[in-house]
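1. Sequence plus the predicted model coming up.
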Amino acid sequence: MPGKRNLWRASASTRVQAAALDRGLDVDLAIIGGGFTGNAAALEAARRGASVALFEGETFGRGGSGRNVGLVNAGLWLPPDDVIAAMGAGAGKRLMSLLADAPRRVWSLIERESIDCEATRTGTLHLAHAPSGLADLAERHRQGRAMGWPLELLDAAETARRTGSTAFHGALFDPRAGTIQPLSYARGLARGAMAAGAQLYERSRVGMVRRDGASWQLTVNGHPVRARALLLATNAYFDGIDMGFRPEIVAVSYFQAATAPIPQALRDTILPGQEGCWDTAMVMSSFRMDAAGRVIIGGIGNLEGPGGAVHLSCGAAQAAPDLSATGRSAV
Ligand SMILES: Cc1cc2nc3c(=O)[nH]c(=O)nc-3n(C[C@H](O)[C@H](O)[C@H](O)COP(=O)(O)OP(=O)(O)OC[C@H]3O[C@@H](n4cnc5c(N)ncnc54)[C@H](O)[C@@H]3O)c2cc1C
């Protein structure tokens, strides 16, 4: 929110800084965008011996990576069978098995690169907001178990014990998943990439990209950069790059607000297992507990739009209205 403190920036334990590009470069791989995608790619390419330059127009994690809910999921919003039906058996199954392995990859990166990002490997709860939501979860459970995933379908009583709320009709527990402080993770990846020898630049906006024979020619802060390979990692934050291509973006607003740290007695009853939560409602909500004991609650909606007053009427936003984060993502 304008003039408000951003929760992730206020609570990030990992700091990293990079200079702005002030000269021309010639590299194997140029990466545009300093979020999870760009930073992780820079890290792995540099570890394999490539010369890498990454250009972030503002600061690392300025996009979705520095303002998301922080759920480390093992799948998509869509059930697996829908993904396979849309993509075909080959590509769909391959994507689902890559995503099933995603949390393990995140945890091992965090460990290998010693990233301090409040990682909790305690699973996620997909919560049934209504009987129809429970039917949806039962079907997801059936599909996931058929793929060999260790999902558990919980009844309303067990869901109430885990969340501290009787509002839900049941939940799908995914023990592979967990949560992170997303900005710290994005910054930790950037720090790891620099340590591996990649050149990372902040405040280095790519203005132009052209194919030049077997290479790419970029203009960054007015300086020429030549690269053998290019990774466009700008997500829904694609910012006016002149390259004869413009991604189609559908904006969906999402806000998050946090309570002040809550007393230990309450922490023993609200999410004692520290699972990250999201629900089955079409207008989806999420909540989780951070390391300081703040309950972070989010939902689809725009605090700056006409519905802002409705969203802010939730207790969390009233408790600490200066801590919030809004963002958008590619869909
Ligand atoms: C509110 C919200 C909640 C979400 N919750 C979750 C969740 O709980 N779990 C989950 O897995 N995913 C979640 N997501 C999705 C997740 O955040 C994104 O998929 C992920 O962060 C994308 O990372 P990225 O590196 O591809 O892009 P981004 O992090 O968006 O980075 C793109 C970067 O490109 C830079 N850029 C753009 N144009 C230029 C230019 N011309 N020159 C240089 N740099 C440029 C931007 O400044 C930006 O930093 C959520 C997203 C949002 C917005």
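-> All right, it came through fine.

2. Would you mind listing what in the stretch 151-300 of the chain touches the ligand?
-> 205-206, 233-235, 237-239, 241, 254 (Cβ under 6 Å from any ligand atom). Every C-beta, even on glycine, is put in place using the N, C-alpha and C of the backbone.

3. just the buried members of those residues?
-> 205-206, 233-235, 237-238, 241, 254 (16 or more other Cβ atoms under 10 Å).

4. what two of those residues are the furthest from one another?
-> 206 and 254 (26.4 Å; Cβ to Cβ).

5. I'd like the buried ones among the residues of the stretch 151-300 of the chain next to the ligand as CSV, with pLDDT, distance to residue 274 and secondary structure appended.
-> Formatted as CSV, those follow (pLDDT from 0 to 100; distance: Cβ to Cβ, whole Å; DSSP: H, G, I helix; E, B strand; the rest coil):
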residue, pLDDT, distance to residue 274, secondary structure
205, 97, 38, coil
206, 98, 39, strand
233, 98, 30, coil
234, 96, 33, coil
235, 95, 28, helix
237, 93, 30, helix
238, 92, 35, coil
241, 95, 40, coil
254, 91, 22, strand
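
6. out of those residues, which one sits closest to residue 136?
-> residue 254 (20.3 Å).

7. was I right about the closest one contacting residue 300?
-> Yes - using Cβ atoms under 8 Å, residue 254 is in contact with residue 300, at 5.5 Å.

8. Export the residues of the stretch 151-300 of the chain next to the ligand as CSV, with columns for distance to residue 48.
-> Formatted as CSV, these follow (distance: Cβ to Cβ, whole Å):
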residue, distance to residue 48
205, 27
206, 23
233, 17
234, 23
235, 24
237, 27
238, 27
239, 28
241, 26
254, 35
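
9. can you give me the end-to-end distance of stretch 261-278?
-> With Cα to Cα, to the nearest Å as the measure, the ends of stretch 261-278 fall 21 Å from one another.

10. Next, the buried residues of that stretch.
-> 261-262, 267, 270-271, 274-278.

11. Let me see the mean pLDDT of that stretch.
-> The pLDDT scores in stretch 261-278 average 96.

12. Can you tell me who residue 72 pairs with across the strands?
-> Here residue 72 sits in beta bridges with residue 178, going by DSSP bridges.

13. pretty sure residue 176 is in contact with residue 105, am I right?
-> No - using Cβ under 8 Å, residue 176 is not in contact with residue 105; the gap is 11.0 Å.

14. Those two: which has the busier surroundings?
-> A count of neighbours by other Cβ atoms under 10 Å puts residue 176 above the other of residue 176 and residue 105, at 20 against 12.

15. can you list the buried ones among the residues of the stretch 151-300 of the chain next to the ligand in JSON lines and add distance to residue 224?
-> Output for these, formatted as JSON lines (distance: Cβ to Cβ, whole Å):
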{"residue": "205", "distance to residue 224": "15"}
{"residue": "206", "distance to residue 224": "12"}
{"residue": "233", "distance to residue 224": "21"}
{"residue": "234", "distance to residue 224": "20"}
{"residue": "235", "distance to residue 224": "25"}
{"residue": "237", "distance to residue 224": "24"}
{"residue": "238", "distance to residue 224": "21"}
{"residue": "241", "distance to residue 224": "15"}
{"residue": "254", "distance to residue 224": "38"}
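
16. Can you list the low-confidence ranges for the stretch 201-331 of the chain?
-> 312-331 (pLDDT under 70).

17. mind listing the strands for it?
-> 206-212, 215-220, 223-232, 254-258, 276-279, 285-289, 295-300, 323-327 (DSSP state E, counting those that start in this stretch).

18. Which among those is found nearest to residue 308?
-> Counting by Cβ to Cβ, residue 308 lies closest to strand 254-258 out of the strands of the stretch 201-331 of the chain; the figure is 8.4 Å.

19. Run the angle between that closest one and strand 285-289 for me.
-> Angle between the axes of strand 254-258 and strand 285-289 is 30 degrees (criterion: axes from the mean of the first three to the mean of the last three Cα atoms, to 10 degrees).

20. what angle separates strand 254-258 from strand 295-300?
-> Counting by the same axes, to 10 degrees, strand 254-258 lies at 160 degrees to strand 295-300.

21. quick one: strands adjacent to strand 254-258?
-> strand 295-300 (antiparallel), strand 323-327 (antiparallel).
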